[in-house]
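# Based on what follows, work out the 3D shape:
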Amino acid sequence: MDQCDQLRATFHNRYAIKRSTLAYRNNWPRLVECILCIAKDGDPDYFQPGAEREFEVVDLRTREKAWLEIPLGAAPEVLQGMIESHFACRAHRVSEWLWVV
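Residues are numbered from 1 along each chain as shown. So this is what the prediction gives:
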């Protein structure tokens, strides 16, 4: 296991570092603050698409899928940045509102 794998997060990680007191550093919420629901592989809802104003992320390591609320005004590039910074690894965009890590 390399160092990147050791740093990789899941949907259940908590943030050890508090948010900045500087407003410009807090333009977008953290990924876990956007989670609406998490399903494990095999759950009946696992393949349900997200609703309007939602995006989906599949964690290939834990085989979990999360539906998350899209922050107001966030473009797909912003969402990808949120995902990659949370998981500390590359996110691959599968469709308009679906990523895998």
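
# quick one: the nearest residue to Trp99 once chain neighbours are set aside from Ala9, how far?
Nearest non-adjacent residue to Trp99, counting by Cβ to Cβ, 6 or more residues apart in numbering: Ala91, 4.5 Å away. (Each C-beta comes from the backbone N, C-alpha and C, glycine too.) Separation of Ala91 from Ala9 (Cβ to Cβ, to the nearest Å) stands at 12 Å.

# in the longest helix along the chain, what's buried?
In the chain, with assignment by DSSP state H, the single longest helix is helix 76-87. For helix 76-87, a neighbour-count test (16 or more other Cβ atoms under 10 Å) marks 79-80, 82-83, 86-87 as buried.

# same check, this time on stretch 54-74
Neighbour counts over stretch 54-74 (16+ other Cβ under 10 Å) mark 54-59, 64-71, 74 as buried.

# so which of the residues you listed comes closest to Pro44?
Comparing these against Pro44 with Cβ to Cβ places Lys65 closest, at 12.2 Å.

# Noted, bye for now.
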